[in-house]
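J.: A predicted structure for the sequence below; I have some questions about it.
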Amino acid sequence: MKKVAILLAGCGVYDGSEIHEVVLLLLALSRHGVPFIGVAPNRAQHDVVNHLTQQETTGPRNILQESARIMRGNVVALSEVDVSDFSAVIVPGGFGAAKNLSNYAFKGDDYMVSDDILTFLQNAKSADKPMGFACIAPVLAAKVFPEHTKMTIGNDASVAAVVEQCGMQHVETSVAEIVVDHENKLVTTPAYMLGQSVIDIQPGIDRLVDAVLKMA
């Protein structure tokens, strides 16, 4: 099997990718013996948040460089990758998905996915690659997949309404569950949209990886 691409948005829940979710994804892939690589846009992240105070702080940070922190350097710029190099794509959550990969955090139901991210995901969809999205990341998928595609963000009514407005079929789930749309090769799980700890989100992450790999 070719590598699985992990689409990242930086490092840290409040301004990048959710670290627990990323680590659990990497652990699950490693248990299957499947290689992986991080991919991320090479541009400045929207803001920088002090994770101790949860307040915005000064100084720009680069999404690719920050993503490399989680991946121990095993990351490449989005502009340098081809979807044919991968068996599948998985996208963890974190506010970076809503700030750096889209503007959902600021525009709500009037949001758009960043052009480079949209192109990458559309190319993966066109190449029939299975994809998995965790936590808030399904809002990205909602702009890529055809109407009536099944997905979940858990049970948050406001976010569910947004993906339904995009034409998706939202399925309410618990934190440990996944929703699989076999026709569109899409797997989603709520992760920290519902979970309170890393132990809560592990079963759903494991099941997401299992389902994505079965379709790869």
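T.: Okay, I see it.

J.: for the rest of this, base every contact and every neighbour count on C-alpha atoms.
T.: Will do.

J.: Provide a list of residues in contact with the residue in the chain sticking out farthest from the centre.
T.: No residue in the chain sits farther from the centre than residue 58, which is 25.9 Å out by Cα atoms, centre = their mean. Residues near residue 58 by Cα atoms under 8 Å, 6 or more residues apart in numbering: residue 48.

J.: and if you look at residue 112?
T.: By Cα under 8 Å, 6+ apart, the contact list for residue 112 reads 102, 103, 104, 143.

J.: all strands of this structure, in order?
T.: Assigned by DSSP state E, the strands in the chain fall at 3-7, 36-40, 48-50, 55-57, 75-77, 86-91, 131-134, 150-151, 169-170, 179-181, 186-189.

J.: most packed of these?
T.: The highest mean neighbour count among the strands of the chain, using mean count of other Cα atoms under 10 Å, belongs to strand 186-189: a mean of 31.

J.: and the closest residue to residue 153 other than its chain neighbours, its phi and psi?
T.: Nearest residue to residue 153, sequence neighbours excluded (Cα to Cα, 6 or more residues apart in numbering): residue 190, at 4.8 Å. Dihedral pair for residue 190: phi -70, psi -30, per degrees, to the nearest 10.

J.: circling back: relative to residue 16, how far out is the residue farthest from the centre of the chain?
T.: Residue 58 is 15 Å from residue 16, where distance means Cα to Cα, to the nearest Å.

J.: neighbours of residue 102, how many?
T.: Burial measure for residue 102: 23 neighbouring residues, criterion other Cα atoms under 10 Å.

J.: I should have written residue 141 there, sorry.
T.: Neighbour count of residue 141, defined by other Cα under 10 Å: 26.
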